[in-house]
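Visitor: Kindly return the folded structure for what I paste below:
(one chain, ligands or ions: 1)
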Amino acid sequence: MKYPLDIIRLLSVCIFFFPLVLHSQNILLKSDHYFDSEKGVFGSDIEVLIRNKQILAVGKNLEYETGKTTIIDLGNVTLLPGLIDSHTHILIEEDLHPGYTGFGETVVKNVIAKSDTQRALEGAFRAKSYLHEGFTAIRDLGNSGLYADVDLRNAIDNNLIEGPRLFVSGPGIAATGGQVNGTSFHSNKIITNKDYQVITGEQEAINAVRDHILMRVDVIKVYADNIPNRTTLSINELKTIVNEAKRHDKKVTAHAITNQAVWNAVKAGVNSIEHAYVISDTTLALVKKNKITLIPTYSNKELSHELFKKSGIIDSIRRNRIVNRSADRQQKQLLRLYKSGVKLAYGSDFYSKTSFSRGENAKKSIYAWLEAGVPIEKVLQYATINAAEQLTRRKILGVLKKGFLADIIAVEGDLSKDENALEKVVFVMKDGKIFKNKQ
Ligand SMILES: [Zn+2]
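Guide: Okay, here's the model as predicted:
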């Protein structure tokens with residue numbers, strides 16, 4: 001296996017950024033409104049005292065050292081923990097067109113036409129858009145070449161480029177063929193091995209996890225099914241992956257579209273399940289009983305319109321009918337999951353080219369939940385505290401609380417009264433550094 005080019009060095013040469021660093025030791029943020037992600041409630045008038053990367057105190061009329069503290073009164077905004085997208089693919093892009101043959105086409109185009117270096121640089125551009133939309137952490141789940149996601153994460157962690165905290169999986173572990181379809185057998189072998197780690201049998205399952213541990217991924221991703229391909233990992237292969245990951249203290253998340261794939265992943269002991277588009281009541285009950293988190297991935301109506309239009313459905317009346325029908329189905333599913341009481345985290349899984357930035361797309365996808373009628377307090381918890389738990393960062397991310405890392409954003413006005421405010425991010429702080437301040 002060939003290691004990709006020295007992407008970190010290249011990125012450091014090509015891209016510079018200068019986050020606004022204030023010179024005094026402490027920052028006191030004040031705002032008229034806030035969201036408490038632990039309790040799932042909105043409140044008014046809050047102060048947050050920050051020193052370096054950490055939140056020192058949260059409350060009203062806080063004591064602070066005059067002369068050593070910069071006061072930032074944000075006024076009529078809602079302060080909340082930085083948003084977290086639990087399912088992204090920032091090193092890949094889908095460009096829909098009439099006659100599009102499916103995701104396999106996207107993988108083929110990205111793998112054949114682009115080097116890992118180019119994909120990482122494009123990923124850097126998309127990462128920045130996430131941060132500016134208020135996402136201070138994202139979990140990127142594969143289709144990122146041979147560990148180019150790891151290089152991108154390191155570049156951000158080392159402050160070479162601007163972006164959210166990245167939690168990455170490296171190539172997803174899959175059965176023969178991965179999700180690559182529509183190619184000859186020979187081409188499939190070459191392309192699949194650029195974006196997936198194909199395994200056969202339990203020894204290869206162990207080897208794949210160890211490769212990932214060696215390359216320092218944050219989470220292990222497995223494909224419990226490979227739709228549109230019909231190959232799947234066996235329960236024994238899935239169990240072996242989970243056990244080996246556990247031995248290295250890593251969590252496993254499973255891509256699963258069908259009910260059978262969700263069931264297999266649960267039986268194998270994974271920690272979370274992505275998509276679960278088809279899930280029976282019995283399987284859902286089992287997911288809940290095993291305290292596994294589901295990450296459903298849907299987009300809102302506005303984005304669906306864009307995607308269907310690009311796919312060639314130009315007639316707006318016909319498109320409206322199609323979008324409404326599919327929104328109806330997905331809204332019923334989202335409400336069902338919300339009411340079931342299963343643990344949920346927010347994930348966009350949005351990688352299509354639109355007229356918006358990738359960060360904006362991820363933000364708009366949050367509205368799929370709101371359009372379904374799920375209360376905004378719940379949705380914000382899915383995208384903060386619940387997602388932080390997924391990242392194994394429950395004690396330091398996703399909450400505005402003493403001792404937590406200072407990943408804080410503000411949106412214009414009172415979010416509890418105006419859900420559209422979520423689209424108007426006016427302030428972004430990550431690790432105590434201010435990346436955006438429109439006040
Ligand atoms: Zn995905």
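Visitor: Now do the helices in the stretch 201-350 of the chain.
Guide: Ranges of helices within the stretch 201-350 of the chain are 202-214, 235-247, 259-268, 281-289, 301-310, 316-340, based on DSSP state H, counting those that start in this stretch.
Visitor: Can you tell me what sits against the third one?
Guide: What that stands for is helix 259-268. The contact list for helix 259-268, computed with C-beta atoms under 8 Å, 6 or more residues apart in numbering, reads 222, 224-225, 232-233, 235, 238-239, 241-242, 254, 256, 273, 276, 278-280, 283, 286-287, 290, 292. Every residue, glycine included, has its C-beta placed from N, CA and C.
Visitor: May I see the ChimeraX selection of the buried members of those residues?
Guide: For the buried members of these, the matching ChimeraX selection, counting by 16 or more other C-beta atoms under 10 Å, is:
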select :222,224,225,232,233,238,239,241,242,254,256,273,276,279,283,286,287,292
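Visitor: what about the chain, any weak spots by pLDDT?
Guide: Filtered on pLDDT under 70, the chain yields the residue ranges 1-24.
Visitor: domains in it, as residue ranges please.
Guide: 23-81+399-437, 83-390 (automatic domain parsing).
Visitor: Just name the most buried of those domains.
Guide: domain 83-390 (a mean of 20; mean count of other C-beta atoms under 10 Å).
Visitor: mind checking the end-to-end distance for that one?
Guide: Length of domain 83-390, first residue to last, C-alpha to C-alpha, to the nearest Å: 13 Å.
Visitor: returning to what we had before: for my notes, please list the helices of the stretch 201-350 of the chain in CSV and give distance to Ala387 for each entry.
Guide: What follows is the helices of the stretch 201-350 of the chain, written out as CSV (distance: least, C-beta to C-beta, whole Å):
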stretch, distance to Ala387
helix 202-214, 21
helix 235-247, 20
helix 259-268, 19
helix 281-289, 17
helix 301-310, 20
helix 316-340, 15
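Visitor: And those helices: which comes nearest Phe427?
Guide: Closest to Phe427 of those is helix 301-310 (C-beta to C-beta; 24.4 Å).
Visitor: for the closest one, packing partners?
Guide: helix 316-340, helix 358-372 (3 or more C-beta pairs under 8 Å, 6 or more residues apart in numbering; DSSP states H and E).
Visitor: Return the distance of the closest residue to Gly312 other than its chain neighbours relative to Asn320.
Guide: Excluding the flanking residues, the one nearest Gly312 by C-beta to C-beta, 6 or more residues apart in numbering is Pro98, at 3.1 Å. Separation of Pro98 from Asn320 (C-beta to C-beta, to the nearest Å): 18 Å.
Visitor: Just want to check the distance between Asp407 and Asn264.
Guide: 35 Å.
Visitor: Please apply the same query to Leu370.
Guide: 32 Å.
Visitor: wouldn't Ala362 be in contact with Ser348 here?
Guide: Yes - counting by C-beta atoms under 8 Å, Ala362 touches Ser348, with 4.1 Å between them.
Visitor: and the residue nearest to Gly178 when sequence neighbours are not counted, what does it touch?
Guide: In space, and not counting its chain neighbours, Gly178 is closest to Tyr196: 3.5 Å by C-beta to C-beta, 6+ apart. Tyr196 makes contacts with 142, 171-174, 178-180, 223, as judged by C-beta under 8 Å, 6+ apart.
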